[in-house]
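>>> Sequence plus predicted model, see below.
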Amino acid sequence: MSVSQTQPGFLVTTSRGLDELLKQELSELCPDAELAIARGGVRVKGNLQAAYKVCLWSRLANRVIWILNEGNAGTAEEVYDSARDVDWSLHFAVNNTFSVQFNGSSKAFNNTQFGALKIKDAIVDHFYEEDGSRPNVDRDVPDIVISGRLHRDKVLIGIELSGGSLHQRAYRQDAGLAPLKEHVAAAMLMRSGWATNMEKPLLDPMCGSGTLVIEAALMAMHKAPGLGRPRWGFSKWLGHREGDWQALIEDAKSAQIQPDVTLFASDIDRKLIAIAKQNANEAGVFELIEFNVIDATKFTPPAAITEPGYLVSNPPYGERLGELTELIPLFAQWGEQLKQHWQGWQVSLLSSNRELLRLLKLRGNKEYSLMNGKLECKLVNYQLD
Ligand SMILES: C[S@@+](CC[C@H](N)C(=O)[O-])C[C@H]1O[C@@H](n2cnc3c(N)ncnc32)[C@H](O)[C@@H]1O
């Protein structure tokens, strides 16, 4: 009996505010799968092939969890029983290490460690009953990551195929104080409109470690974001089909193109531009981006740009103590500069401080709420006329 034929599909998680966009992306990646928004992401009724495709290609996903069981979770015993119903020997061997990630809380579980412990106990008891030995837990580099996700009085138990969050693309060697998460940068490019108009110039005048332009270059190259990932959660999983996975990798390699794009990135901080260049080099997109040290409040469209395009950025929001007062004149001046010199451009800005964006005195035409890590942010689109 093949593992995949017996399973109810998988859950793809993302940050709050990105679930609709993720659903759109998944409908293109897995056109035959049934999709539904679920707590924390999108539930996919699809096969293992579809799950692999999401691991390799999704720019918006965090984790891909192959569902093994769902059950009641009103009490600790019910969670234990739901985990005990899984035939764990079908999924990994007793000499593999594992860890349990538990997410969510309820009256019975106000501590995620306790939920993880119940699932761990059920797994260990399964193996012990079967052949008198038990697998070891490894919290740092486990062979298998089990995910338990609690929602109200139900628990979903699965194997984390992604092996950690997919937003970590492995190109970011270093960053400034407040780097954007890579999947949030990808979401900004999609929400700004540039992702469907890549022939237009794209510019980030406060680029920090370069996440936005690097993600843009990877999109334009059709480079699968998972291609550089060193570890996967399925490598030691008994349900893994290496042949199917390798076929997807080969397809992804041959899908890459050398795009004709205009990407500009600048920042006032020379050290950050050096870091951004290093990250772009690591991502294999250095040649596609022009980097400069420029003060955004004095910046006018570069001469090489012959038509208005997209200015997408994540300006400072006062991450350092006492910085907020310095930012007031910066935003006021930048707003003036944008109005005077950037007519015709589409501007998309992400900030956790909506008041700072108001200082630009620009009229936003669309606004989205989303999380960048623990920060609740607004992404505001403006059309400069
Ligand atoms: C929130 S960070 C951007 C982080 C970036 N998106 C990343 O992924 O690393 C804001 C950036 O704005 C830059 N900045 C602040 N004032 C500036 C100015 N006047 N002109 C250009 N850049 C500026 C800072 O140096 C910082 O790198």
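Nice, thanks for sending it over.
>>> how about the residues of the stretch 101-250 of the chain that lie near the ligand?
A175, G176, A178, P179, L180, P205, M206, C207, G208, S209, T211, L212 (Cβ under 6 Å from any ligand atom). All C-beta spots, glycine's among them, are computed from the backbone N, C-alpha and C.
>>> In space, what's closest to the residue of the stretch 201-350 of the chain found nearest the ligand - neighbours in sequence excluded?
The stretch 201-350 of the chain approaches the ligand most closely through G208 (2.7 Å), counting by Cβ to the nearest ligand atom. Excluding the flanking residues, the one nearest G208 by Cβ to Cβ, 6 or more residues apart in numbering is G176, at 4.4 Å.
>>> Sort out for me which of the residues of the stretch 101-250 of the chain next to the ligand are in helices.
Under the assignment DSSP state H, those contribute T211, L212 to helices.
>>> just to revisit the earlier point, now for the residue nearest to G208: which residues touch it?
Contacts for G176 (Cβ atoms under 8 Å, 6 or more residues apart in numbering) come out as G208, S209, D269, L272, I275.
>>> Show me what the helix or strand that contains the fourth one is in contact with.
So the one you mean is L272. Under the criterion of DSSP states H and E, L272 resides in helix 270-283. Residues from elsewhere that reach helix 270-283 (Cβ under 8 Å, 6+ apart): 169-176, 207-211, 213-214, 217-218, 228, 265-267, 286, 288-289, 291-293.
>>> Please, a ChimeraX command that selects the buried ones among those residues?
To isolate in ChimeraX the members of those that are buried, counting by 16 or more other Cβ atoms under 10 Å, one can use:
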select :169,171,172,175,176,207,208,209,210,211,213,214,217,218,265,266,267,286,288,289,291
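>>> Take the contacts of helix 270-283 and keep only those in strands.
A265, S266, D267, I289, F291, N292, V293 (DSSP state E).
>>> right, and the pair among these with maximum separation?
I289 and V293 (14.0 Å; Cβ to Cβ).
>>> picking that back up, turn the ones in strands among the contacts of helix 270-283 into CSV, including distance to E78 and pLDDT.
Shown next, in CSV, are these (distance: Cβ to Cβ, whole Å; pLDDT from 0 to 100):
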residue, distance to E78, pLDDT
A265, 52, 98
S266, 55, 98
D267, 52, 98
I289, 52, 98
F291, 55, 98
N292, 59, 97
V293, 59, 98
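>>> any idea how far R172 is from K277?
Applying Cβ to Cβ, to the nearest Å, the value for R172 to K277 is 13 Å.
>>> With P230 instead?
Taking Cβ to Cβ, one finds P230 at 22 Å from K277.
>>> and V124, how many neighbours does it have?
18 (other Cβ atoms under 10 Å).
>>> ok, now which ones touch it?
So V124 contacts R134, P135 (Cβ under 8 Å, 6+ apart).
>>> what's the most distant pair in the residues of the stretch 101-250 of the chain next to the ligand?
So, these by Cβ to Cβ: farthest apart are A175 and P205, at 17.7 Å.
>>> Name the SS class of I157, please.
strand (DSSP: H, G, I helix; E, B strand; the rest coil).
>>> Could you give the bridge partners of it?
Per DSSP bridges, the residues bridged to I157 are N69, G148.
>>> surely it meets K118?
No: counting by Cβ atoms under 8 Å, I157 stays clear of K118, with 10.5 Å between them.
>>> top helix in the chain by residue count?
helix 112-131.
>>> Pull out the buried residues from it.
Quick answer for helix 112-131 (16+ other Cβ under 10 Å): 112, 115-124, 126-127.
>>> Can you lay out these as a markdown table showing distance to W88 and pLDDT?
Shown next, in a markdown table, are those (distance: Cβ to Cβ, whole Å; pLDDT from 0 to 100):
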| residue | distance to W88 | pLDDT |
| --- | --- | --- |
| T112 | 21 | 80 |
| G115 | 17 | 91 |
| A116 | 15 | 94 |
| L117 | 16 | 95 |
| K118 | 14 | 96 |
| I119 | 10 | 97 |
| K120 | 11 | 97 |
| D121 | 12 | 97 |
| A122 | 8 | 98 |
| I123 | 5 | 98 |
| V124 | 9 | 98 |
| H126 | 5 | 97 |
| F127 | 7 | 97 |
